[in-house]
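A.B. asks: okay, predicted coordinates and the sequence, questions at the end:
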Amino acid sequence: MMNIYRYLAPHQAQRYFTALALTAYLCLNSVTTFAQDDALTDMSLPSSLTPHSFLLDLEQVGNKLVAVGERGHILISEDEAISWQQMQVPVRVTLTASYFINKKQGWVVGHDGVVLNTLDGGIHWHKQLDGEQVNQLMSEHAQSVLTNAEIAIKTVALEQRNQLEMELEELIIAAGDTDRFLGEGASRPFLDVWFRNELEGFIIGAYGLFLHTTDGGRSWQPWTRHINNPDLLHLNAISPVDDSIYIAAEAGFLFRSDDNGENWISLESPYDGTFFGLIGAGDHALVAYGLRGNAFISFNKGDTWKTINTGIDASLFGSTRLADGSIVLVGDGGFSIQINPIGKVTHLKQTIRKLPLSAVINKIDNSLLSVGLGGIHPLPIHNNKS
């Protein structure tokens with residue numbers, strides 16, 4: 001094992017932990033070191049305790065529930081969370097997020113650049129990508145862009161050369177970053193995944209990882225040139241809301257695409273802390289949430305924001321939307337917050353065990369279910385009268 005501090009300055013290490021959100025907060029000992037090589041090739045080990053393990057994401061897929069988490073755990077319930085079956089998974093790294101485009105086809109992403117795919121509703125999984133391949137892909141892309149820029153600068157007029165030379169300096173730095181990651185091995189996690197249809201999708205992660213596919217994940221293309229992220233900020237969550245797509249990132253950065261992910265604009269941020277997610281609320285409203293109970297609502301696609309007084313300073317990691325347009329946020333300390341479509345907190349609850357919650361869904365039977373440290377957590381739901 002190689003310690004991350006060998007490669008990162010103290011402030012960079014802190015950024016790494018922040019990018020992992022709950023993973024860093026709850027599994028500090030496991031994420032401060034790079035995974036052993038066999039974690040990318042060994043099957044996840046079966047255990048009767050997996051429903052009580054650390055789970056990071058949860059999704060309703062038709063009549064099934066799919067949960068993912070530490071040690072390559074993927075669990076499926078077909079009886080509304082009464083019982084869970086652990087699936088065979090070809091890796092045993094922490095899995096951070098899942099996305100199903102239909103009842104059969106889905107993807108899961110996780111640590112060490114892992115991307116898994118299923119074509120049968122989660123019964124069987126195969127690995128599409130890992131961090132070694134990602135690093136090679138990013139390095140080749142950076143070198144290609146740099147080479148093209150070096151050729152272009154020789155052919156432009158003198159008045160254009162100064163600007164291109166500045167851009168060339170940035171490309172040289174970017175290429176150096178990719179070479180450094182290549183030397184470190186499969187160390188960077190993917191943090192979220194979203195697909196527009198059965199073929200086109202995006203995965204995002206730590207240190208600006210951003211990949212795009214148009215063939216269902218059989219091949220991937222670096223997408224960093226489509227977003228203004230020269231500091232390689234961690235991209236934590238990607239979410240469609242109405243006719244746009246949004247990305248929540250660290251350092252108060254939020255991005256929006258209005259052309260199906262082809263181009264991304266930086267939004268004016270309401271604060272400079274890390275965002276962990278975005279969700280649609282009510283009639284065309286948008287809620288962004290993150291560290292220390294910070295949450296904000298926008299009624300104009302993120303152009304301006306209004307602060308939501310959550311009443312807590314616990315970080316918020318997951319969200320779901322209710323039938324009336326209200327949303328529920330969950331996070332550290334077992335807190336769940338119900339917010340109406342105009343941004344007013346209507347209910348604030350805390351679980352008895354106060355264990356951190358990482359994700360929540362509104363099930364098809366209109367009940368709430370959350371996952372986090374300690375596994376599966378049912379939550380109360382309230383009817384808003386305001």
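C.D. replies: That came in fine, so what should we check first?
A.B. asks: how about the helices in the stretch 51-200 of the chain?
C.D. replies: 131-153, 158-184 (DSSP state H, counting those that start in this stretch).
A.B. asks: least confident of those helices, on average?
C.D. replies: Looking over the helices of the stretch 51-200 of the chain, mean pLDDT reaches its minimum on helix 158-184, with a mean of 66.
A.B. asks: how many residues are close by residue 59?
C.D. replies: By other CB atoms under 10 Å, the residues close to residue 59 number 18. C-beta: built from backbone N, CA, C; applies to glycine.
A.B. asks: could you give the number of residues near residue 103?
C.D. replies: Other residues near residue 103 number 13, with proximity taken as other CB under 10 Å.
A.B. asks: which residue sits closest to it, ignoring its sequence neighbours?
C.D. replies: Distances taken as CB to CB, 6 or more residues apart in numbering put residue 62 closest to residue 103, at 4.2 Å, once the chain neighbours are dropped.
A.B. asks: so the one you found sits against residue 105, correct?
C.D. replies: No - counting by CB atoms under 8 Å, no contact exists between residue 62 and residue 105, whose distance comes to 11.8 Å.
A.B. asks: who's more crowded, those two?
C.D. replies: Using other CB under 10 Å, the more surrounded residue of residue 62 and residue 105 is residue 105, with 21 against 12.
A.B. asks: that one touches residue 198, doesn't it?
C.D. replies: Yes - the pair residue 105 / residue 198 is scored as a contact, 5.8 Å apart, by CB under 8 Å.
A.B. asks: so what sits against both of the two?
C.D. replies: Residues within reach of residue 105 and of residue 198 at once, by CB atoms under 8 Å, 6 or more residues apart in numbering, are residue 216.
A.B. asks: residue 77 contacts residue 84, correct?
C.D. replies: Yes - here residue 77 reaches residue 84: they are 4.9 Å apart, a contact under CB under 8 Å.
A.B. asks: list the residues that contact both of the two?
C.D. replies: Going by CB under 8 Å, 6+ apart, residues that sit against residue 77 and also against residue 84 are residue 67.
A.B. asks: all strands of the stretch 151-300 of the chain, in order?
C.D. replies: Across the stretch 151-300 of the chain, reading from the start of the chain, the strands by DSSP state E, counting those that start in this stretch fall at 190-195, 201-205, 210-213, 221-222, 235-241, 244-249, 254-257, 265-266, 275-281, 285-290, 295-298.
A.B. asks: where in the chain is pLDDT low?
C.D. replies: 1-37, 145-176, 179, 181-183, 383-386 (pLDDT under 70).
A.B. asks: same thing but 80
C.D. replies: 1-37, 139, 141-186, 381-386 (pLDDT under 80).
A.B. asks: what sits closest to residue 104 if chain neighbours are left out?
C.D. replies: The nearest residue in space to residue 104 (CB to CB, 6+ apart) is residue 121, at 5.2 Å.
A.B. asks: contact partners for the one you found?
C.D. replies: Contacts of residue 121 were listed using CB under 8 Å, 6+ apart, and they are 61-62, 64, 103-104, 106.
A.B. asks: next one: residue 110
C.D. replies: By CB under 8 Å, 6+ apart, the contact set of residue 110 is 68, 72, 91, 93-97, 116, 189-190.
A.B. asks: could I get these as CSV with distance to residue 299?
C.D. replies: Rendered in CSV, the data for the contacts of residue 110 read as follows (distance: CB to CB, whole Å):
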residue, distance to residue 299
68, 33
72, 41
91, 42
93, 40
94, 36
95, 35
96, 30
97, 27
116, 37
189, 33
190, 31
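A.B. asks: inside strands: which ones of those residues?
C.D. replies: Here DSSP state E is the test, and the contacts of residue 110 give 68, 95-97, 116, 190 as lying in strands.
A.B. asks: including neighbour count and distance to residue 236, could the residues you listed go into JSON lines?
C.D. replies: Converted to JSON lines, the ones in strands among the contacts of residue 110 look like this (neighbours: other CB atoms under 10 Å; distance: CB to CB, whole Å):
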{"residue": "68", "neighbour count": "27", "distance to residue 236": "16"}
{"residue": "95", "neighbour count": "29", "distance to residue 236": "15"}
{"residue": "96", "neighbour count": "28", "distance to residue 236": "10"}
{"residue": "97", "neighbour count": "26", "distance to residue 236": "10"}
{"residue": "116", "neighbour count": "26", "distance to residue 236": "20"}
{"residue": "190", "neighbour count": "28", "distance to residue 236": "11"}
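A.B. asks: quick one: which of those residues is nearest residue 44?
C.D. replies: For residue 44, the nearest member of the ones in strands among the contacts of residue 110 is residue 95. The distance, counting by CB to CB, is 9.0 Å.
A.B. asks: OK, contacts around the closest one?
C.D. replies: Under the criterion of CB under 8 Å, 6+ apart, the contact partners of residue 95 comprise 56-57, 68-70, 72-74, 89, 108-111, 114, 116.
A.B. asks: beta-bridge partners for the residue positioned nearest the centre of the chain, please?
C.D. replies: To find the centre residue of the chain, average its C-alpha atoms and take the closest one (CA atoms, centre = their mean): that gives residue 192, at 2.7 Å. Beta bridges link residue 192 to residue 204 when assigned by DSSP bridges.
A.B. asks: distance of it from residue 306?
C.D. replies: Here the criterion is CB to CB, to the nearest Å. By it, residue 192 lies 25 Å from residue 306.
A.B. asks: kindly report the same for residue 94.
C.D. replies: 35 Å.
A.B. asks: these two: which is more packed in?
C.D. replies: Using other CB under 10 Å as the criterion, residue 94 and residue 306 rank with residue 94 on top: 26 against 12.
A.B. asks: would you check how far apart that one and residue 351 are?
C.D. replies: Relative to residue 351, residue 94 is positioned 22 Å away (criterion: CB to CB).
A.B. asks: what of residue 218?
C.D. replies: Counting by CB to CB - residue 218 and residue 351 are separated by 41 Å.
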